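Enquirer: structure of the sequence below:
(one chain, ligands or ions: 2)
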Amino acid sequence: MQIKTLPFARTPTPSHHLSPPRATSPPPQRLHSMPPEKQEIFHSLSGWASQRILPLLKPVGQCWQPQHFLPDATLPSEEFTEAVRALRDRTKELPEEYFVVLVGDMVTEEALPTYQTIMNSLDGVKDDCGTSPSPWAVWTRAWSAEENRHGDLLRTYLYLSGRVDMKMVEKTIHYLIAAGMDPGFDNNPYLGFVYTSFQERATFVSHGNTARLAKEGGDPVLARICGTIAADEKRHENAYSRIVEKLLEVDPTGAMVAIGTMMEKKITMPAHLMYDGEDPRLFEHYSTVAQRMGVYTAKDYADILEFLVQRWRLEKMEGLTAEGKRAQDFVCGLAPRIRRLQERADERARKLKPCGVKFSWIFNKELLL
Ligand SMILES: [Fe+2]
Ligand SMILES: [Fe+2]
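Expert: Ligands and ions are numbered 1, 2, ... in the order given. Alright, predicted model coming up:
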């Protein structure tokens with residue numbers, strides 16, 4: 001999926017040895033776009049967040065851990081080796097393309113420090129001291145802890161499979177965390193929660209599809225792993241969408257305008273600055289493979305938007321100001337427009353000759369894109 005054609009937009013220029021060459025100079029950043037008086041809304045919603053958002057977290061004792069899905073290294077050596085051999089046998093039939101997508105998904109999960117940093121840049125909901133008892137901060141810390149297992153599990157499984165060049169994968173994660181990311185929230189939690197509602201659903205869709213492909217490809221354990229991660233993403237999506245729902249109730253125009261603003265900026269995928277030290281178009285190439293395999297496509301982008309428009313009942317919203325109405329018209333008419341544009345882009349793409357792209361993650365094997 002290539003949602004954004006300029007993958008390096010909207011971030012400051014980091015030093016050259018930490019990041020890939022930049023295609024364009026970034027536009028100026030806007031900071032603190034939520035009027036300070038609106039911070040009060042989030043304070044006043046603290047009780048609500050404790051009752052309606054925090055219960056969507058799972059108690060640690062009931063949570064799955066990566067070890068539940070991995071060969072147990074405390075077993076006697078032969079038994080452990082046997083479990084690893086079985087894992088490698090199961091992944092044997094999965095195609096190279098599949099590993100490119102799974103590595104890209106895993107790398108995205110592994111840049112979690114960046115996402116927690118971003119959540120803690122949001123005015124009114126950030127964690128002020130690192131252990132703040134505010135329910136917004138409690139959520140962000142616990143959410144990060146739940147997310148942290150996703151990258152850990154996928155990373156260990158991929159390592160044991162022997163199918164990917166871990167050194168190049170690790171280098172990519174290193175570059176990505178060092179590069180950071182600016183999704184365009186302007187420190188504004190309205191924008192932040194619209195984005196995370198969208199993004200958690202996008203990861204739910206994509207992990208769900210890698211689960212399906214693993215099952216079809218002969219690895220039911222990997223299918224269960226991806227499916228379990230997808231279920232976490234779904235729960236997180238539910239929490240963030242519920243927050244936006246509440247904002248639409250207490251501040252209809254403010255929330256509607258935020259949805260419009262975020263959709264106008266486009267939902268930039270979290271790992272769009274990925275780089276392995278070799279391919280400056282790595283994210284675009286990974287996205288193309290994901291699109292080809294049906295793991296995450298431009299159609300999914302439009303579907304997610306449509307789903308959220310329905311879930312938030314945006315078409316039926318009343319009592320908006322003129323600015324809110326403009327945002328409503330824009331957002332409610334956007335999915336069909338994206339679909340039309342995508343059809344035209346697909347048609348153009350069909351006329352292009354496929355070209356070979358080498359991926360360092362799979363030992364520089366070439367895929368036809
Ligand atoms: Fe995740
Ligand atoms: Fe997530």
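Enquirer: tell me the residues of the protein that contact ligand 1?
Expert: When proximity is defined as Cβ under 5 Å from the ion, the chain approaches ligand 1 at 109, 147, 150. (C-beta placed from N, C-alpha, C; glycine too.)
Enquirer: list the contacts of the first one.
Expert: This points to residue 109. By Cβ atoms under 8 Å, 6 or more residues apart in numbering, the contact list for residue 109 reads 147, 150, 151, 154.
Enquirer: ok, so of the residues of the chain next to ligand 1, who is nearest residue 119?
Expert: Closest approach to residue 119 among the residues of the chain next to ligand 1 (Cβ to Cβ): residue 147, at 10.7 Å.
Enquirer: between the two ends of stretch 173-190, how far is it?
Expert: Chord length of stretch 173-190, first to last residue, is 29 Å (Cα to Cα, to the nearest Å).
Enquirer: give me the low-pLDDT residue ranges for this structure?
Expert: Low-confidence segments of the chain (pLDDT under 70): 1-28.
Enquirer: which bits of it sit near ligand 2?
Expert: With Cβ under 5 Å from the ion as the criterion, the chain meets ligand 2 at residues 200, 203, 233, 236.
Enquirer: tell me the two of those that are most distant?
Expert: So, these by Cβ to Cβ: farthest apart are 203 and 236, at 8.4 Å.
Enquirer: which residues do these two both contact?
Expert: The contact sets of residue 203 and residue 236 do not overlap (Cβ under 8 Å, 6+ apart).
Enquirer: which one is the residue of the stretch 1-150 of the chain found nearest ligand 1 nearest to, not counting chain neighbours?
Expert: Relative to ligand 1, the nearest point of the stretch 1-150 of the chain is residue 150 (3.8 Å; Cβ to the ion). Excluding the flanking residues, the one nearest residue 150 by Cβ to Cβ, 6 or more residues apart in numbering is residue 109, at 4.3 Å.
Enquirer: check the secondary structure at the one you found for me.
Expert: helix (DSSP: H, G, I helix; E, B strand; the rest coil).
Enquirer: swap in residue 39?
Expert: helix.
Enquirer: same check, this time on residue 86
Expert: Residue 86 ends up helix, using three-state DSSP.
Enquirer: what are the ranges of the helices in the protein?
Expert: Counting by DSSP state H, the chain has helices at residues 39-44, 46-52, 77-91, 96-110, 112-119, 135-161, 166-179, 189-216, 220-250, 252-265, 282-292, 298-311, 322-332, 334-351.
Enquirer: which one of those helices lies nearest to residue 127?
Expert: Residue 127 lies closest to helix 135-161 among the helices of the chain, at 3.6 Å (Cβ to Cβ).
Enquirer: show me what counts as buried in that closest one.
Expert: 135-143, 146-158, 161 (16 or more other Cβ atoms under 10 Å).
Enquirer: now the angle between helix 189-216 and it, please.
Expert: Inter-element angle recorded for helix 135-161 and helix 189-216: 30 degrees (by axes from the mean of the first three to the mean of the last three Cα atoms, to 10 degrees).
Enquirer: any idea of the angle helix 135-161 forms with helix 112-119?
Expert: 160 degrees.
Enquirer: what's the spacing between helix 135-161 and its chain's center?
Expert: Computed by Cα atoms, centre = their mean, to the nearest Å, the chain-centroid distance of helix 135-161 equals 12 Å.
Enquirer: please apply the same query to stretch 259-271.
Expert: 12 Å.
Enquirer: any idea how far apart the tips of that stretch sit?
Expert: 22 Å.
Enquirer: which residues touch that stretch?
Expert: 1, 3-4, 9-10, 104, 107-108, 111, 114-115, 176, 181, 183-184, 191, 194-195, 198-199, 202, 244, 283, 287, 301, 305, 312, 314, 326-328, 330-331, 334.
Enquirer: narrow these to those that are buried.
Expert: Buried residues within the contacts of stretch 259-271, defined by neighbour count using 16+ other Cβ under 10 Å: 1, 3-4, 9-10, 104, 107-108, 111, 114-115, 176, 181, 183-184, 191, 194-195, 198-199, 202, 244, 283, 287, 301, 305, 312, 314, 327-328, 330-331, 334.
Enquirer: burial count for residue 364?
Expert: Look at residue 364: counted by other Cβ atoms under 10 Å, it has 11 neighbours.
Enquirer: show me what contacts it?
Expert: With Cβ under 8 Å, 6+ apart, residue 364 has these contacts: residue 358.
Enquirer: related to what we said a few turns ago, out of the residues of the chain next to ligand 2, which is nearest to residue 33?
Expert: residue 200 (22.3 Å).
Enquirer: now do the contacts for that closest one.
Expert: Residue 200 is in contact with 233, 234, 236, 237, 240, counting by Cβ under 8 Å, 6+ apart.
Enquirer: next up, the contacts around the third one.
Expert: Residues in contact with residue 236, defined by Cβ under 8 Å, 6+ apart, are 56, 143, 146, 147, 196, 200.
Enquirer: is the third one in contact with residue 231, as I believe?
Expert: What it means is residue 146. No - between residue 146 and residue 231 there is no contact, the gap being 10.9 Å when judged by Cβ atoms under 8 Å.
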